[in-house]
Structure formats: C-alpha cells, structure tokens
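1. what follows is a predicted structure for the sequence shown.
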Amino acid sequence: MSHVFHRSLTQSYPIAVKGEGPYLIDANQRRYLDASGGAAVSCLGHSDPDVIEAVRRQVGQLAYAHTSFFTTQVMEELADFLVARAPAGIDSVYFVSGGSEAIEAALKLARQYFIEIGQPQRKHLIARRQSYHGNTLGALATGGNEWRRRQFEPLLIDVSHVSPCYAYRQQQDGESAEALGVRLAGELEAEILRLGAENVMAFVAEPVVGATLGAVTAVPGYFKRIRDVCDRHGVLLILDEVMCGMGRTGSLFAAEQEGITADLITIAKGLGAGYQPIGATLVSRKIRDAITSGSGFFQHGHTYIGHATACAAALAVQKAIESRGLLAQVNRLGEGLRERLLDRFAEHPHIGDIRGRGLFQGIELVADRNSKAPFDPALKLHAKLKQAAMAEGLMCYPMGGTIDGQRGDHILLAPPFILEDHHLDEIADKLLVAVTTTLKNR
Ligand SMILES: Cc1ncc(COP(=O)(O)O)c(C=O)c1O
C-alpha cells in the first residue's frame with residue numbers, strides 16, 4: 001500500500017519517471033502526450049535544457065533566502081521582467097508558490113488597500129459562478145463552482161456570485177454577443193448597488209475561464225464594460241490569470257486581448273512551467289502607493305515567498321518564451337489545433353461547442369446538440385474520458401459540472417508551446433478515439 005495520501009484514495013496512478021519534450025514517460029516506458037500541460041502548467045514541455053541549467057545554477061549558488069532578511073538578484077530581475085511587460089499601471093510583484101496563494105494575496109491586498117485609504121467598510125467581494133480560483137479557503141470562497149464549494153460552505157467567507165460570460169449557454173434567441181456583454185455588466189452593477197457600492201471591495205474574474213468551464217472566452221466588449229462598472233463604483237478589478245496568463249492564449253497577459261488592465265493580476269502555472277512551484281500577484285501602482293504611504297507594510301507572508309530557485313526557473317522560462325518567439329507560435333499552433341478539432345468534432349453529434357484562444361481550447365459534450373442537453377452527471381463521462389485518453393497515451397483535462405457545477409462535461413486542452421504540427425494531429429486523433437470509446441461504453 002502507498003503511504004502517499006493521493007488525490008484519489010481508490011485509484012492507482014502510473015509512476016511518471018521521465019519527461020521528454022511534450023511527453024511524459026511512465027515506469028513501463030509508456031509515453032503520454034501532454035495535451036493539457038498537466039493542468040495548463042508545462043508550457044515548455046518537460047525537459048527544457050535552458051531552464052534545467054538555470055535551476056541547477058541557482059541551487060548551486062543560493063537555493064533560498066528568507067525574504068524578511070534578504071532580497072535576491074534573481075527575484076528582482078524576474079519582477080523587473082514581468083512589470084516591463086505587464087498591463088498599464090502594474091508596477092510591482094508579490095511572489096508566492098502557486099495560484100491559490102496568489103489569489104489569497106490579492107484578496108488581502110484589496111482589503112488592506114481600502115483600510116489604508118480610509119474606506120474600511122469595503123469588504124464585499126463579487127466573483128462569478130463557474131469560476132475556479134483555487135482551493136485554499138479564501139480562494140475557494142471566491143470560486144463559483146458549486147461542487148467544489150458545497151461541503152466546505154460553512155468555512156467560507158461570504159462572496160456574491162454573478163453570471164459567467166458563457167455565450168454558448170447564455171446568449172438568448174435574438175441577443176447579439178455585444179448585448180450579452182451589456183446584460184452581464186448590468187448584472188454586476190446591480191449586485192454592486194444591492195450590496196451598496198461603498199461596501200464593495202473587488203470583483204474577481206478569469207479573463208478566459210479554464211478548469212471549470214473549459215476555455216471560455218468572454219464576448220467582445222464584456223471586460224471593457226466590467227472595467228468601467230468597477231471604476232465608476234471604486235471597486236478593484238482582480239484578474240485571475242493563473243491558468244490563462246503567461247502566453248497561454250497567445251499574449252503574455254490574457255487581459256491584453258481584452259484591452260483592459262487590472263488593479264491586481266494573479267499568475268502561476270505557466271510562470272514557472274512546472275520546473276519550480278511559483279505564482280505571483282501583480283500589483284498596481286495605486287495599491288502599492290497607498291500601502292507605502294500608509295502602514296508601509298503588507299500584513300501577509302509565507303515562508304517560501306520569493307523563493308530564489310523558483311524565481312530562477314520562472315525567469316528562464318519567461319526568457320525562453322520571449323527569445324524563441326513562442327507567443328507567435330502559440331497563435332499559429334492554436335489555429336492549427338482549432339482546425340483539427342473542428343475537423344474531428346464540428347459535426348460530431350455529441351460535441352456542442354468548440355472554443356478557446358491560442359493553446360487554450362475546450363470542447364463541450366452534449367447528449368443532444370439541438371437542445372444542448374447535457375449527459376446524465378451520474379455517468380461521470382469526464383472521469384471516463386480521462387481514463388480513456390490515458391489509455392491512448394494522451395493527457396487531457398476533462399471536467400464535469402460545466403453548466404452549473406453539477407451538469408455538463410467538457411475537455412480542456414492546454415498543450416506545451418513547443419509542439420510540432422504532427423503533435424496536433426496526434427492530439428486530435430487520440431482525443432477522437434478517447435471520446436468515441438467513452439461514449440460507446442457509457
Ligand atoms: C484560474 C485559477 N486560479 C487559481 C488556481 C489555483 O492554483 P493552484 O492550484 O496553483 O493553487 C487555478 C488552478 O487550477 C486556476 O485555474
């Protein structure tokens with residue numbers, strides 16, 4: 001018996017022994033094409049020599065120095081690199097070890113900001129249903145996925161949830177995409193007014209919704225309207241780019257493609273590409289200045305914030321993305337992946353929607369295309385699909401509860417940026433086999 005407290009205590013897992021470009025290899029020498037980057041993490045694949053060397057060098061020189069005693073060259077350099085490329089107004093970076101910690105820091109920064117500027121009554125948080133922001137209690141409370149929240153509900157802070165921007169299921173007959181954006185921005189504003197605008201602290205959203213919706217982009221104009229609503233009511237905008245950021249959608253920050261900036265932006269996953277655990281909260285000048293000229297101290301911290309080796313890995317990853325022109329490649333490969341998904345699935349009777357941006361693509365399964373009725377959740381199609389894909393040597397990221405946390409199934413794809421065209425065919429072909437097998441045996 002394993003003494004590891006695994007994610008599932010009833011399932012056994014193959015033993016991963018080696019990474020080779022976009023493949024993971026298990027102890028039986030089986031190869032798995034990593035079409036989901038684990039969970040949208042491994043954007044440079046699994047054996048990048050430059051990143052491995054950067055980690056070796058940093059560990060050899062200085063593995064770790066606690067940030068209450070020291071800063072480090074590598075942490076300073078990574079912060080400079082990110083700020084130089086971040087959306088307007090962002091001017092500093094708070095480094096953490098993952099996405100949930102980045103969200104926790106963002107929530108606390110938002111709260112402390114209002115204390116510093118003399119608006120201590122601002123404490124309400126608004127987020128969206130069907131979002132995922134992490135599993136620590138603050139992040140879980142922020143997320144809007146019913147299934148993940150349910151059993152922990154008594155432990156969660158009170159957060160309002162408004163509708164996601166999910167055109168496939170929300171656009172009404174005769175409603176344009178633009179009109180949907182107007183309607184949803186109106187819903188956010190109504191919630192702010194219901195809570196009393198002077199009491200609302202922040203609105204949190206993923207620019208492209210990953211784990212819980214399967215690469216759902218917002219309709220054009222939605223985020224500009226959201227930004228405007230927040231500004232009019234003095235509410236901070238927190239964009240969670242933990243999954244969709246760091247080049248995944250074809251621009252370093254997903255917000256760039258929405259034409260907006262945020263007061264706080266969270267990143268993780270692709271930041272260190274899995275070579276080290278690292279996340280960060282990017283902070284706007286406005287918030288930093290308020291804290292600098294107020295208490296001068298952010299009342300937060302963890303042992304491993306700003307970990308030197310993690311920063312070295314992230315800096316090497318980000319330099320590799322830039323110097324190798326990988327953002328352009330994400331756009332090109334993303335088109336290629338979409339074409340292949342359309343080729344295999346556009347006419348498929350049980351695929352209702354194919355969506356996404358860059359190398360962040362999702363397909364939604366339906367029992368009936370016309371009515372968009374989902375499969376019975378009791379079938380647990382998403383779990384079966386994951387197994388069927390693994391049996392084909394393909395890692396993808398299927399999830400259930402797409403519609404409301406209970407019903408609906410989708411598959412998320414987030415492969416490495418280093419693929420060659422033949423890998424795109426391998427992904428689409430293996431995925432088609434996995435979908436066909438799963439539906440046949442359901
Ligand atoms: C959008 C988003 N935010 C936050 C998180 C939490 O990140 P982590 O699992 O690194 O804590 C995730 C993880 O999937 C995510 O997708």
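-> Good, I have the coordinates.
2. get me the contact residues on this protein for the ligand.
-> Residues of the chain found near the ligand (C-beta under 6 Å from any ligand atom) are 39, 98-100, 103, 132-134, 206, 210-211, 240, 242-243, 268. (Each C-beta comes from the backbone N, C-alpha and C, glycine too.)
3. partners of the host helix or strand of Val204 in the sheet?
-> Assessed by DSSP states H and E, Val204 sits inside strand 200-205. Strand 200-205 pairs in its sheet with strand 124-128 (parallel), strand 236-240 (parallel), by DSSP bridges.
4. rewinding a little: and of the residues of the chain next to the ligand, the nearest to the ligand?
-> When these are compared for distance to the ligand (C-beta to the nearest ligand atom), Gly99 wins out at 2.1 Å.
5. what residues are up against that closest one?
-> His133, Gly134, Ala139, Asp240, Val242, Met243, Thr266, Ala268, Lys269, Gly279 (C-beta atoms under 8 Å, 6 or more residues apart in numbering).
6. next: Arg407.
-> Contacts of Arg407 were listed using C-beta under 8 Å, 6+ apart, and they are Pro374, Pro377, Gly401.
7. burial measure for the first one, as a count.
-> Meaning Pro374. Using other C-beta atoms under 10 Å, Pro374 has 25 neighbouring residues.
8. my read: it touches Thr402, true?
-> Yes - Pro374 is within contact range of Thr402, at 7.4 Å (criterion: C-beta atoms under 8 Å).
9. could you chop this structure up by domain?
-> 16-48+325-441, 51-324 (the TED database).
10. quick one: end-to-end length of the longest one, please.
-> It refers to domain 51-324. This stretch, domain 51-324, spans 13 Å end to end (C-alpha to C-alpha, to the nearest Å).
11. same question for stretch 8-19.
-> Stretch 8-19 has its terminal residues 23 Å apart, counting by C-alpha to C-alpha.
12. what residues does that stretch touch?
-> His6, Leu24, Ile25, Asp26, Ala27, Asn28, Arg30, Ser42, Gly45, His46, Ser47, Met390.
13. also stretch 303-313?
-> If you take C-beta under 8 Å, 6+ apart as the criterion, stretch 303-313 is touched by 51, 54-55, 57-59, 62-67, 71-72, 74-75, 77-78, 94-97, 272-273, 275-278.
14. would you list every one of the helices in the stretch 101-250 of the chain?
-> 137-142, 146-149, 167-170, 177-195, 222-232 (DSSP state H, counting those that start in this stretch).
15. between these, which gets the lowest average pLDDT?
-> Per-stretch mean pLDDT for those is lowest at helix 146-149 (a mean of 91).
16. contacts for that one next, please.
-> Arg129, Tyr132, Asn135, Leu140, Ala141, Gly143, Leu156, Gly400, Gly401, Asp404, Gly405, Gln406.
17. just give the nearest non-adjacent residue to the fifth one, would you?
-> The shortest distance from Ala141 to any non-neighbouring residue, by C-beta to C-beta, 6 or more residues apart in numbering, is to Leu156 (3.8 Å).
18. ok, now which ones touch that neighbour?
-> Leu156 neighbours (C-beta under 8 Å, 6+ apart): Leu137, Leu140, Ala141, Arg149.
19. with Pro374 instead?
-> For Pro374, the contacting residues are Leu365, Val366, Ala367, Thr402, Ile403, Arg407, Gly408, Asp409, by C-beta under 8 Å, 6+ apart.
20. show me just the buried residues among those residues.
-> Burial by neighbour count, judged by 16 or more other C-beta atoms under 10 Å, picks out Leu365, Val366, Ala367, Thr402, Ile403, Gly408, Asp409 from the contacts of Pro374.
21. wait, which of the contacts of Leu156 is closest to the ligand?
-> Distances from the ligand to these, taken by C-beta to the nearest ligand atom, are shortest for Leu140, at 9.6 Å.
22. how about residues contacting the strand holding Val204?
-> 103, 106-107, 110-111, 114, 122-128, 131, 133, 142, 188, 192, 223, 226, 229-230, 233, 235-240, 263-264.
23. repeat for stretch 51-68
-> By C-beta under 8 Å, 6+ apart, stretch 51-68 touches 44, 72, 74-75, 273, 275-276, 301, 303-309, 311-313, 315-317, 320.
24. list only buried entries from those residues.
-> By neighbour count, with 16+ other C-beta under 10 Å, those hold 44, 72, 74-75, 273, 275-276, 304-309, 311-313, 315-317, 320 as buried.
25. which of the residues you listed fall in helices?
-> Of the buried ones among the contacts of stretch 51-68, the ones assigned to helices by DSSP state H are Val74, Met75, Ala308, Thr309, Cys311, Ala312, Ala313, Leu315, Ala316, Val317, Ala320.
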